[in-house]
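Participant: no sequence for this one, just the structure:
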């Protein structure tokens, strides 16, 4: 286990001990919620992981990097952003995946575009959002999020 | 019928298993590589997922959400923006869990702009996730992306509020009598079923109401509704 993960475990453990000392009942409740959330997501998370494993065998990160590298930056970024918008991958799997891709040479700009639209734009959740806020709000929010995700990515390409 | 329903629910899992069987038949080496690839992510998941879930639940518990929400409707200016960012980034659950909560906040007077901020912050700015991002992509990457994202959200929430007006949003219908569950919000944490097992049960990974003849214990119902992390349980309070 690397230092950062270890630090997170220790930090969380300390937080948990304080929480228990302050309010035992509420802390138990929070833990139950964390456990329940994890359990209900486990099946789909494992399926996504095995799907990623399969895709990375058929399309190794090196060939993805080679392919993305050949395209124009803007096209690669827009396509990555579109991928992020239609897929539903939990962020804690997306980070190691994008980490692998960036380390094998996929540019940072498409990577950021993918990460940002992955969480901010939801094609799959669009109907749910529409029901809560109406079509106009949902379309404007998702549309602007998509455009600004690309802007964030391009600016990051200049800074980092 | 039950078999078909179960199969439908787990269609994705069945598809993955079938794909793996096919790959192993066609090319065994490819199958082995795929499993090896997957195990790298499973290892990462096991190391990080428990911490993220527990940390998220603890933040959700200790940051005074109720207080933040109370001020959100009234404070339209800078304070509202800051509060919206805080509320979005400390809450637990996936983004679809934020929809009903935000709809409720809108009913209580939160502006369109603040709704956009809460939803966006909910999606991208999670403290445990930032730590995870730092681990795989480095501190500089995480910090720069975080700053840019915050600036961006401030800008486009303002644009959204210019385009979308309050009355473009659907007006929520009044609650019917008795408790009800907003199933699209439920993320299956099963707290309600644990708090009030006589009334709530888990069906297809979502909370649902049991059909009981017994009287409803109002106190237990309130406790269960309050414990719901996405406020998916509603009921008429006068009784």
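Facilitator: Yep, that arrived. All figures in this text were calculated on a predicted structure; none of them were measured in a lab. Numbers count the residues shown, from 1 in each chain, chains lettered A, B, ... in the order given.
Participant: Would you point out which residue is most central in chain A?
Facilitator: Central residue of chain A (Cα atoms, centre = their mean): residue A:91, 3.0 Å from the mean position.
Participant: Any idea how many residues pack against the closest residue in space to that residue that isn't next to it in sequence?
Facilitator: The spatial neighbour of residue A:91 that comes closest, neighbours along the chain excluded (Cβ to Cβ, 6 or more residues apart in numbering or on different chains), is residue B:129 at 5.1 Å. For every residue, glycine as well, the C-beta is placed using N, CA and C. Taking other Cβ atoms under 10 Å in any protein chain shown as the neighbour definition, residue B:129 ends up with a count of 22.
Participant: contacting residues around residue B:129?
Facilitator: With contact set as Cβ atoms under 8 Å, 6 or more residues apart in numbering or on different chains, residue B:129 has these partners: A:91-92, A:95, B:52.
Participant: Next one: residue B:227 from chain A, what distance?
Facilitator: Using Cβ to the nearest Cβ, to the nearest Å, one obtains 6 Å as the distance from residue B:227 to chain A.
Participant: any low-confidence regions in chain A?
Facilitator: Along chain A, segments meeting pLDDT under 70 span A:1.
Participant: scratch that, chain B
Facilitator: For chain B, the stretches flagged by pLDDT under 70 are B:1-2, B:9, B:73-76, B:171-178, B:212-213, B:236-239.
Participant: Quick check: closest non-adjacent residue to residue 100.
Facilitator: Assuming you mean chain A. With Cβ to Cβ, 6+ apart as the measure, residue A:61 is the residue that lies nearest to residue A:100, at 5.5 Å, once sequence neighbours are left out.
Participant: Chain B was what I was after
Facilitator: Closest to residue B:100 by Cβ to Cβ, 6+ apart is residue B:185, at 3.9 Å.
Participant: Give me the buried positions along the longest helix along chain A.
Facilitator: For chain A, the longest helix by residue count, based on DSSP state H, is helix A:24-58. Neighbour counts over helix A:24-58 (16 or more other Cβ atoms under 10 Å in any protein chain shown) mark A:27, A:29-38, A:40-41, A:45-54, A:56-57 as buried.
Participant: Which elements pack onto the next helix-or-strand element following it?
Facilitator: Helices and strands here follow DSSP states H and E; after helix A:24-58, the next one along the chain is helix A:61-70. Taking 3 or more Cβ pairs under 8 Å, 6 or more residues apart in numbering or on different chains; DSSP states H and E as contact, the helices and strands that helix A:61-70 lies on are helix A:91-103.
Participant: and the helix it packs on with helix A:61-70, angle?
Facilitator: 70 degrees (axes from the mean of the first three to the mean of the last three Cα atoms, to 10 degrees).
Participant: just checking, what packs against the next helix or strand after helix A:91-103?
Facilitator: Sequence order places helix A:108-120 as the next helix or strand after helix A:91-103, per DSSP H and E. Helices and strands touching helix A:108-120, by 3+ Cβ pairs under 8 Å, 6+ apart, are helix A:73-86, helix A:91-103, helix A:135-159, helix B:112-124, helix B:139-163.
Participant: Reformat those as JSON lines; add distance to residue B:46.
Facilitator: Supplementary listing: those in JSON lines, determined by distance: least, Cβ to Cβ, whole Å:
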{"stretch": "helix A:73-86", "distance to residue B:46": "25"}
{"stretch": "helix A:91-103", "distance to residue B:46": "11"}
{"stretch": "helix A:135-159", "distance to residue B:46": "30"}
{"stretch": "helix B:112-124", "distance to residue B:46": "24"}
{"stretch": "helix B:139-163", "distance to residue B:46": "22"}
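Participant: Name the residues that touch stretch B:96-106?
Facilitator: Outside of stretch B:96-106, the residues within contact range by Cβ under 8 Å, 6+ apart are A:122, A:125, A:128-129, A:131-133, B:69, B:72-73, B:88, B:91, B:110, B:112, B:114-115, B:118-119, B:122-123, B:169, B:172, B:182, B:184-185, B:187, B:229-232.
Participant: Any chance of a ChimeraX selection covering the buried ones in those?
Facilitator: Only the buried members of the contacts of stretch B:96-106 enter the following ChimeraX selection, criterion being 16+ other Cβ under 10 Å:
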select /A:122,125,128,129,131,132,133 /B:69,72,73,88,91,110,112,114,115,118,119,122,123,169,182,184,185,187,229,230,231,232
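Participant: Show me what the helix or strand hosting residue B:16 is packed against.
Facilitator: Here residue B:16 sits within helix B:11-26, counting by DSSP H and E. For helix B:11-26, the contact count by 3+ Cβ pairs under 8 Å, 6+ apart identifies helix A:24-58, helix B:28-62 as packing neighbours.
Participant: Next, the angle from the last one to helix B:11-26.
Facilitator: Spelled out, it's helix B:28-62. Orientation note: helix B:28-62 sits at an angle of 160 degrees relative to helix B:11-26 (the same axes, to 10 degrees).
Participant: for the first one, same thing?
Facilitator: Following the same axes, to 10 degrees, one obtains 40 degrees for the angle between helix A:24-58 and helix B:11-26.
Participant: residues in contact with residue A:54?
Facilitator: Residues counted as contacts of residue A:54 (Cβ under 8 Å, 6+ apart) are B:16, B:19-20, B:23, B:34, B:37-38.
Participant: So which bits of stretch B:18-35 are buried?
Facilitator: For stretch B:18-35, a neighbour-count test (16+ other Cβ under 10 Å) marks B:20, B:23, B:31, B:33-35 as buried.
Participant: Output those residues as CSV; include the columns distance to residue B:216.
Facilitator: As requested, those are exported to CSV (distance: Cβ to Cβ, whole Å):
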residue, distance to residue B:216
B:20, 47
B:23, 52
B:31, 53
B:33, 56
B:34, 51
B:35, 50
